[in-house]
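[1] Dropping a prediction and its sequence here:
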There are 2 protein chains.
Amino acid sequence: MKLIFKKEKIMNAINIVSRAIPARTTNPILECILFDASSEIKLVANDMDLGIETVVEGEIKEKGKVALDAKLITEIIRKADSNESLIEIESDSSFLTVIKADNSLFRIQGRDGEEFPYLPYIEKNNYISISQFTLKEVVRQTIFSAAVNDNNRMMGGEYIEVKSDKVRFTTLDGHRISIRNINMKEYYGEEKAIVPVRSLNEISKIVSGDNEKEIIIFFSKNHLLFEFDQTKVICGIIDGEYFKIDHMLSKDSETKITINKNELISYIDRSMIFIRENDHKPIILNINESNLNISIKSSFGTMDGDILCHKEGKNLKIAFNPKFLIDALRAIDDEEVDLYFTNAKSPCFIRDDEERYIYLILPVNFIE
Amino acid sequence: MKLIFKKEKIMNAINIVSRAIPARTTNPILECILFDASSEIKLVANDMDLGIETVVEGEIKEKGKVALDAKLITEIIRKADSNESLIEIESDSSFLTVIKADNSLFRIQGRDGEEFPYLPYIEKNNYISISQFTLKEVVRQTIFSAAVNDNNRMMGGEYIEVKSDKVRFTTLDGHRISIRNINMKEYYGEEKAIVPVRSLNEISKIVSGDNEKEIIIFFSKNHLLFEFDQTKVICGIIDGEYFKIDHMLSKDSETKITINKNELISYIDRSMIFIRENDHKPIILNINESNLNISIKSSFGTMDGDILCHKEGKNLKIAFNPKFLIDALRAIDDEEVDLYFTNAKSPCFIRDDEERYIYLILPVNFIE
């Protein structure tokens, strides 16, 4: 195999597929990137949960394939002088590989590309198309409330449900639920899948964040396939039925406050000065006639602050893990937010009128 | 005690003195910043190796002193809304302290300021004055070759020697020596001190890097006092006689090369792709008629590259720890550098004609 690329092109492709290089593995071929120049030039990485393939622009002087250690090839190419530098990669029949760049010559031992695990074949029947920007945003706005290390694997997943022209993204742990509803430009059938948030997080880092560029998501029995630009990402999905969340999403409330989001964040943020890891001191929200009082008491000190807000309904005193409130508020772009409460034992909902977003947070007990 | 500050002023003072808050200590008062408003307002921190005192602009409503936990007070003030926010700090006779900022009210337990360890008194007889920029630069350009964790405490120090209108800064470990010579505007006597590089590093982070601003260094038997702007820094010095280095600085050489510094750095940098921690593979420099060949061979692969250079004297093959070469080259601002060699067993010198800088690096053995 003999290939010539511009540094910029090959570096970009390596950065994309490297998202599927496992941090730790006992199988050394998974630490490699496959350079497959059988017809066009494709780079492939596959950690068995996530597989990424991307086409890269370059010149094929001699067809072939070879698997190269991801760390070494990344460093060699990164250290080439400029984006315009020409990189030549040549492997012999024993996969000894010579890389030439800017008067430097590197030799590394590659592996047989035939030993590299193939990406599964995915039927392209059922799909949706959304903008890369929307996918990136929706992942950021929900991913934080998945519980990756929980015994229940499903809590480490993001639930994607398609129904006609709507798609809903949901994550939850035992204490909170985050939901984003997206309206699509076209009508589709019914699809659903639970995607490991680790995979989704890697994908959201590769997509461009461009509102004009689309990503197509194909649904199959055991996998999702994400296709965009010159790249395909295949990820396994979590088997089983997701939690039934609809009956938890009550619309009744006894108290509603409308409040400036950034102000609320900054007060909660200040209360967290007195919280240390493993110290689960709650913050207490005291909703009065015309303001919200926020206070915390820990062995390090106390904080107390008042924020003006618009209130409807009853006064209420309720306590939360401040981190859960902050996570949800930071995921919201609106300047003003509505918080709905029933009583001190029932969940708080942060949602907009059209329910583009719904954040449910359970309160905690507190001692007066 | 009752004080009022602008956030910007108090934050700046806290950032300065915090450099002397120890990362770990069994003495809780050392984790505090002393607020001393006996006459003007001074903030003080002292980890017993390094003491910092700075004067801060603010209003004294009631005189007094209190020691406040550095982490808590830093976070409370950092989280105030804007640089213009007014911060009020009030302590009662039991050192319970109330901090008011932007409608928030914090209560923390302070400690008796009288228990705070005093900074030692330093006689101001012997001193030099140099620009803050020069001090900052000189520390960056030499500090890397001190050996902080060595059994020999002196190797963890920077040797400062004053003689008439010259001051020399030196660090060394067992493998290399870094020297910077500075010409001063005035004439002084003879002074010398071995300063722990940790202290010097903290000081270089506080000084402004402004060429117009001076720093005065006072020499006393057991301490150095650095005075600049509104700040005093006192650090203990290392007792004993520093290594005699002058006889190691031979000016003879058999081979001299003149080479582009950035090009040399980028080739050495590439060779380091094949080096892992605890793997002491050397790079081999092969000096030929008109070029320098750099190569490395490790279990991960090989690198080989040629750089044009101007050579005087004999051809030579010599091996180095690449990190030591890179550290020295990165500390030099010149575009072209001169390297002097005698033979494969003798040190390499990188120095300019006026000896503003001298970097000595010992070679290592290599097998052909």
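    Received the coordinates, thanks.

[2] Roughly how far does A:Ser346 sit from A:Ser253?
    Distance of A:Ser346 to A:Ser253, given as C-beta to C-beta, to the nearest Å: 9 Å. From N, CA and C alone the C-beta is placed, and that goes for glycine too.

[3] A:Ala67 looks like it's in a helix, true?
    No - using DSSP: H, G, I helix; E, B strand; the rest coil, the secondary structure at A:Ala67 is strand, not a helix.

[4] excluding its backbone neighbours, what's nearest whichever residue of the stretch 151-300 of chain A sits closest to chain B?
    Across the stretch 151-300 of chain A, no residue is closer to chain B than A:Ile273, which sits at 4.3 Å (C-beta to the nearest C-beta). Distance criterion C-beta to C-beta, 6 or more residues apart in numbering or on different chains; nearest residue to A:Ile273, sequence neighbours excluded, is B:Glu75 at 4.3 Å.

[5] What separation do you get for the one you found and B:Val56?
    Taking C-beta to C-beta as the measure, B:Glu75 falls 18 Å from B:Val56.

[6] In terms of neighbours, single out the busier of the two.
    B:Val56 (22 against 16; other C-beta atoms under 10 Å in any protein chain shown).

[7] got the contact list for A:Asn288?
    For A:Asn288, the contact set (C-beta atoms under 8 Å, 6 or more residues apart in numbering or on different chains) comprises A:Lys311, A:Asn315.

[8] tell me which parts of chain A are close to chain B?
    Taking C-beta under 8 Å from any C-beta of the partner chain as the criterion, chain A approaches chain B at residues A:69, A:72, A:75-76, A:79, A:81, A:103-109, A:266-267, A:269-270, A:273-274, A:300-307.

[9] can you confirm the residue of the stretch 151-300 of chain A closest to chain B is in a helix?
    Yes - under three-state DSSP, A:Ile273 sits within a helix.

[10] residues contacting it?
    With C-beta under 8 Å, 6+ apart, A:Ile273 has these contacts: A:Phe300, A:Gly301, A:Met303, B:Leu72, B:Glu75, B:Ile76, B:Lys79, B:Phe106.

[11] so where is chain A shaky, pLDDT-wise?
    A:368 (pLDDT under 70).

[12] Show me the helices in it, by range?
    Residue ranges of the helices in chain A, as given by DSSP state H, are A:7-17, A:70-78, A:132-142, A:197-206, A:261-271, A:322-330.

[13] the inter-axis angle of the fifth one versus helix A:322-330?
    Between helix A:261-271 and helix A:322-330, the angle comes out at 160 degrees (axes from the mean of the first three to the mean of the last three C-alpha atoms, to 10 degrees).

[14] Counting by contacts, list what helix A:261-271 packs against.
    strand A:291-298, strand A:301-308, helix A:322-330, strand A:336-341, strand B:104-109 (3 or more C-beta pairs under 8 Å, 6 or more residues apart in numbering or on different chains; DSSP states H and E).

[15] And the third one, by the same measure?
    Helix A:132-142 is packed against strand A:166-172, strand A:176-183, helix A:197-206, strand A:214-219, with contacts defined by 3+ C-beta pairs under 8 Å, 6+ apart.

[16] does A:Pro322 really touch A:Pro282, like I thought?
    Yes - A:Pro322 lies in contact with A:Pro282 (C-beta atoms under 8 Å); the separation is 7.4 Å.

[17] shared neighbours, the two?
    With C-beta under 8 Å, 6+ apart as the test, A:Pro322 and A:Pro282 both reach A:Ile296.

[18] and the closest residue to A:Glu312 other than its chain neighbours, bridged to which residues?
    Of all residues not flanking A:Glu312 in the chain, A:Lys256 sits nearest, at 4.5 Å (C-beta to C-beta, 6+ apart). Note on A:Lys256: beta-bridge partners by DSSP bridges are A:Glu312, A:Tyr340.

[19] doesn't A:Lys311 make contact with A:Lys256?
    Yes - contact criterion C-beta under 8 Å: A:Lys256 and A:Lys311 qualify, at 7.2 Å.

[20] quick one: the strands in the stretch 1-150 of chain A?
    For the stretch 1-150 of chain A, applying DSSP state E, counting those that start in this stretch gives strands covering A:2-6, A:32-37, A:42-46, A:50-55, A:59-62, A:64-69, A:86-91, A:96-101, A:104-109, A:111-112, A:126-131.

[21] Relative to B:Leu339, tell me which of those strands wins on proximity.
    Counting by C-beta to C-beta, B:Leu339 lies closest to strand A:104-109 out of the strands of the stretch 1-150 of chain A; the figure is 19.7 Å.

[22] Now do that closest one: which elements does it pack against?
    helix A:70-78, strand A:96-101, helix B:261-271, strand B:301-308.

[23] Can you mark which positions in that strand are buried?
    Counting neighbours by 16 or more other C-beta atoms under 10 Å in any protein chain shown, one finds that the buried residues in strand A:104-109 are A:Ser104, A:Phe106, A:Ile108.

[24] what does stretch A:227-242 give?
    Residues of stretch A:227-242 classed as buried by neighbour count (16+ other C-beta under 10 Å): A:Glu227, A:Phe228, A:Asp229, A:Thr231, A:Lys232, A:Val233, A:Ile234, A:Cys235, A:Gly236, A:Ile237, A:Ile238, A:Tyr242.

[25] Widest-spaced pair of those residues?
    So, the buried residues of stretch A:227-242 by C-beta to C-beta: farthest apart are A:Asp229 and A:Tyr242, at 29.9 Å.

[26] residues contacting A:Cys309?
    Contacts of A:Cys309 by C-beta under 8 Å, 6+ apart are A:Ile257, A:Thr258, A:Ile259, A:Asn260, A:Ile287, A:Ser290, A:Asn291, A:Leu292.

[27] separation between the closest residue to it other than its chain neighbours and A:Ile332?
    For A:Cys309, ignoring the flanking residues on the chain, the nearest one in space by C-beta to C-beta, 6+ apart is A:Ile259 at 4.1 Å. Distance, A:Ile259 to A:Ile332, using C-beta to C-beta: 12 Å.

[28] okay, those two: which has more neighbours?
    A:Ile259 (21 against 18).

[29] Is that one in contact with A:Ile294, as I believe?
    No - the pair A:Ile259 / A:Ile294 is not scored as a contact, 10.8 Å apart, by C-beta under 8 Å.

[30] ok, back up a step: kindly state which of the helices and strands packed on helix A:132-142 is positioned closest to B:Asp210.
    Nearest to B:Asp210, of these and by C-beta to C-beta, is helix A:197-206 at 40.1 Å.

[31] Which strands and helices lie in contact with the closest one?
    Judged by 3+ C-beta pairs under 8 Å, 6+ apart, the packing partners of helix A:197-206 are strand A:50-55, helix A:132-142, strand A:157-163, strand A:231-236.

[32] let's go with 10 Å and repeat that
    Packing partners of helix A:197-206 (3 or more C-beta pairs under 10 Å, 6 or more residues apart in numbering or on different chains; DSSP states H and E): helix A:7-17, strand A:50-55, helix A:132-142, strand A:157-163, strand A:166-172, strand A:214-219, strand A:223-228, strand A:231-236.

[33] Throw the ones you listed into JSON lines and include distance to B:Pro120, thanks.
    Formatted as JSON lines, the helices and strands packed on helix A:197-206 follow (distance: least, C-beta to C-beta, whole Å):
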{"stretch": "helix A:7-17", "distance to B:Pro120": "54"}
{"stretch": "strand A:50-55", "distance to B:Pro120": "60"}
{"stretch": "helix A:132-142", "distance to B:Pro120": "53"}
{"stretch": "strand A:157-163", "distance to B:Pro120": "60"}
{"stretch": "strand A:166-172", "distance to B:Pro120": "57"}
{"stretch": "strand A:214-219", "distance to B:Pro120": "65"}
{"stretch": "strand A:223-228", "distance to B:Pro120": "65"}
{"stretch": "strand A:231-236", "distance to B:Pro120": "63"}
